[in-house]
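**Q** Here is my input, please return the structure:
(one chain, ligands or ions: 1)
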Amino acid sequence: MGLVTANIHVKGVPLRRAFVEHTDPTGLTSLGWAITDSNGSFTFDAGLFSNSVDIKIHCQNSVVQVLNAPVLSVPIDIHVSAANGGTLKVEKTGHNDVLDHFRILAKCQDVYDTVWRQFRSYNDSDRGDFPLRRPAGDVKHVYNTASRVQLNYPALLQSAIPSILTFVEPDASGNHSLPLMHIQNRIIEFRVFEEDAAAHHVDPMIIPHEFGHAMHSPLCQAIRGQISKRSTSVSLQLMQPMRTTTSTGRRLPSWHLSRQ
Ligand SMILES: [Zn+2]
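**A** Numbering: from 1, shown residues only. Here you go, the predicted model:
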């Protein structure tokens, strides 16, 4: 047999803990699933005489699912061939229409790892890579059923009404009452990507900031549950991560709609 191990990057950033599907060359038949490791690597069995595999890279990782949203919020995957030992660069695969989506996917994961997962209750042993917990079962089952934040880009509502900024629905009905982020198109919102921000002398703070709202919401729900059931001291402990997002210690509103 020939094991194929390859690495996925997007603009120099490893695509960590993303869902990858091994397919036949048509992309129609699924042969297996994997989650990339912390270097963006995966391994599939290519069979006896091959040292490359056809894969679909899904725009979903352990943290968030990014949807292509200008019309209907649809899941995204790209079908590519990966050679053993190679580094696959998403920007070189001819799928430029969804390149920004994969960059946002990697960015949310980085914000979670850098900021949120060190705090209660995201540092609980049953969370780790999966802030909203990993269900039991194989990788395909986890892809289909895991609770995760969803993210619409570029968001439909903002395309129609540019004065509406990026915002987060804390408990979206379409995402099992979990957070849904709506990210304004980069052609109007210059703070999504570093290069746009640099060109316009603003901070590229949209993803870290809005992802913070998405991480607050499940905590808030947990706190409401704790307050109704248990002592106030427990709920105050759960509140600690919230203070980290604002230098004034002020609690942020859970979502916001328009430019102030
Ligand atoms: Zn905000």
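
**Q** give the contact list for Cys95.
**A** No Cys there; residue 95 is His. Neighbouring residues of His95 by Cβ atoms under 8 Å, 6 or more residues apart in numbering: 78, 80. Bear in mind the C-beta positions are built from the backbone N, C-alpha and C, glycine included.

**Q** Now with 6 Å, please.
**A** Ile78 (Cβ atoms under 6 Å, 6 or more residues apart in numbering).

**Q** now swap in Arg16 and tell me
**A** Per Cβ under 6 Å, 6+ apart, neighbours of Arg16: 38, 40, 109.

**Q** Could you tell me how many residues sit around the last one?
**A** When counting by other Cβ atoms under 10 Å, one arrives at 23 neighbours for Gln109.

**Q** that older thread, among the contacts of Arg16, which are located in strands?
**A** Judged by DSSP state E, strands contain none of these.

**Q** between the residues you listed, which is closest to Pro135?
**A** Nearest to Pro135 out of these is Gln109 (Cβ to Cβ; 18.6 Å).

**Q** so Cys108 touches Val63, yeah?
**A** Yes - using Cβ atoms under 6 Å, Cys108 is in contact with Val63, at 5.5 Å.

**Q** Compare the two (neighbour count), which wins?
**A** More neighbours surround Val63 than the other of Cys108 and Val63, with 28 against 24 (other Cβ under 10 Å).

**Q** Just the pLDDT at the more buried one, thanks.
**A** Looking at Val63, its pLDDT stands at 98.

**Q** Tell me how far it lies from Ser217.
**A** Separation of Val63 from Ser217 (Cβ to Cβ, to the nearest Å): 14 Å.

**Q** So what's the gap between stretch 168-184 and the chain middle?
**A** When distances are taken as Cα atoms, centre = their mean, to the nearest Å, stretch 168-184 is centred 13 Å away from the chain's centroid.

**Q** That'll do, ta.
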